[in-house]
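Undergrad: Quick check, what structure comes out for this input:
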Amino acid sequence: MSIDDHTQAIIHRLWDEMAELPASAPEVSLKKLFSAISALIDSPHGLWLSSLRLADDADNDPLLGWRARSVFFYGELPADQQAYTGAVKRLDKGIPDESTYNHVLRAGAFRATLLVDHVSEGFYSGDHYIHHYLGRGITDRLFVVMPVNEDVESYFMFDRLRDQPDFTAQDLEIASYALRSLGWLNRQVHLSYGQLMADAPLTPTERGVLKHMLAGSAEKNIAEAMGQSPHTTHQYVKTLFRKFNVRSRAELTALWLGHG
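TA: Numbering: from 1, shown residues only. Now for the predicted structure:
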């Protein structure tokens with residue numbers, strides 16, 4: 001099976017356009033990415049999810065130390081945030097559904113799969129599919145998972161909703177092809193959430209300050225935009241330098257762009 005020339009041209013143009021987007025706005029890149037791929041494979045809903053390996057000693061953990069963390073929804077549904085919060089709580093207790101468990105077993109490799117090829121027939125009659133999927137009107141899912149390093153992975157998931165047919169192998173090939181060359185985006189998005197090179201995850205305020213820093217704003221302008229005193233902003237800047245193990249804004253920018 002192959003992707004036709006017209007679809008390839010659309011994907012190549014997408015790559016070029018995304019390379020021009022500012023590194024300080026990864027969620028803008030995610031929105032554009034999902035919008036373009038979703039149009040190609042007719043998927044009105046999807047999400048990006050970060051998965052981190054938080055423990056090395058995972059002998060008694062069915063998830064082998066992996067846990068879901070930050071999420072970005074495309075075409076967000078009313079129950080998405082509640083469903084995500086509930087799923088994370090179950091995973092943090094070491095209670096995985098079959099799909100998540102099977103993904104963990106394959107951690108460390110780029111992988112793309114249709115839900116039907118990834119789970120057993122019994123999955124579709126289980127509580128997780130009935131409540132987590134059908135409860136939100138989701139009937140089918142396509143996964144593309146991209147490792148960032150041995151402890152960090154990005155999950156790109158595209159959904160079909162009620163009254164839509166299931167995904168095809170051609171849909172999977174298109175999504176996989178579009179994402180396979182975007183390792184640089186993986187790095188930028190995870191950096192924005194403080195989940196790649198930072199010593200500790202970033203708070204929402206730290207992420208806001210970081211975004212302004214990477215856009216080139218002076219500290220006094222960041223303080224005004226964030227509604228902070230200049231002293232408070234300066235303390236946030238120092239905290240960000242410490243978390244990312246850098247000594248200057250230039251070093252932070254180089255790290256962000258993959259040159260660190």
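Undergrad: Name the helix or strand for the nearest residue in space to Gly183 that is not next to it in sequence, please.
TA: Nearest-residue entry for Gly183: Met146, 6.9 Å, with adjacent residues in sequence omitted and distances by CB to CB, 6 or more residues apart in numbering. Placement of C-beta: from N, CA and C, glycine included. Counting by DSSP states H and E, the element that carries Met146 is strand 138-149.
Undergrad: partner strands of that strand, parallel or antiparallel?
TA: With DSSP bridges as the test, strand 138-149 is paired with strand 111-114 (antiparallel), strand 152-161 (antiparallel).
Undergrad: Quick one: mean pLDDT over the first one.
TA: Per-residue confidence for strand 111-114 averages out to 97 on the pLDDT scale.
Undergrad: Next secondary structure after that strand?
TA: Past strand 111-114, the next helix or strand by DSSP H and E is helix 127.
Undergrad: Report the rounded mean pLDDT for that next one.
TA: So the average pLDDT for helix 127 ends up being 94.
Undergrad: same check, this time on stretch 194-208
TA: The predicted model assigns stretch 194-208 a mean pLDDT of 76.
Undergrad: Alpha carbons of that stretch, in PDB - could you do that?
TA: Taking C-alpha atoms only, stretch 194-208 is exported to PDB below (Å, rounded to 0.1, in the frame of the first residue of the first chain):
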ATOM      1  CA  GLY A 194       9.000  20.500  31.600                       C
ATOM      2  CA  GLN A 195       9.000  16.800  31.000                       C
ATOM      3  CA  LEU A 196      12.100  16.200  29.000                       C
ATOM      4  CA  MET A 197      15.200  18.100  30.200                       C
ATOM      5  CA  ALA A 198      13.800  19.900  33.300                       C
ATOM      6  CA  ASP A 199      14.600  18.600  36.800                       C
ATOM      7  CA  ALA A 200      11.000  18.800  37.700                       C
ATOM      8  CA  PRO A 201       7.700  19.400  35.900                       C
ATOM      9  CA  LEU A 202       6.800  23.100  35.300                       C
ATOM     10  CA  THR A 203       3.800  24.800  37.000                       C
ATOM     11  CA  PRO A 204       1.300  26.600  34.800                       C
ATOM     12  CA  THR A 205       2.800  30.000  35.700                       C
ATOM     13  CA  GLU A 206       6.300  28.700  34.900                       C
ATOM     14  CA  ARG A 207       5.100  27.600  31.500                       C
ATOM     15  CA  GLY A 208       3.700  31.000  30.900                       C
END
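Undergrad: Return the most buried member of the strands paired with strand 138-149.
TA: Across those, averaging neighbours per residue (mean count of other CB atoms under 10 Å) puts strand 152-161 on top, at a mean of 22.
Undergrad: now it, how far from the chain's geometric center?
TA: From the chain centre to the centre of strand 152-161 is a distance of 8 Å (CA atoms, centre = their mean, to the nearest Å).
Undergrad: What is the subsequent helix or strand relative to it?
TA: Moving toward the C-terminus from strand 152-161, the next helix or strand (DSSP H and E) is helix 169-180.
Undergrad: quick one: contacts for the residue nearest to Gly183?
TA: Neighbouring residues of Met146 by CB atoms under 8 Å, 6 or more residues apart in numbering: 110, 153-154, 156, 179-180, 182-183, 186.
Undergrad: and the angle from the helix or strand containing Arg187 to strand 138-149?
TA: Under the criterion of DSSP H and E, Arg187 resides in helix 183-192. Angular relation of helix 183-192 and strand 138-149 on a 0 to 180 degree scale: 90 degrees, by axes from the mean of the first three to the mean of the last three CA atoms, to 10 degrees.
Undergrad: Which elements pack onto helix 183-192?
TA: Packing partners of helix 183-192 (3 or more CB pairs under 8 Å, 6 or more residues apart in numbering; DSSP states H and E): helix 26-41, strand 45-53, strand 138-149, strand 152-161, helix 204-214, helix 249-256.
Undergrad: so which of the ones you listed gets nearest Arg67?
TA: Closest approach to Arg67 among the helices and strands packed on helix 183-192 is made by strand 45-53 (5.9 Å; CB to CB).
Undergrad: May I have the beta-bridge partners of the residue nearest to Gly183?
TA: Under DSSP bridges, the beta-bridge partners of Met146 are Ser154.
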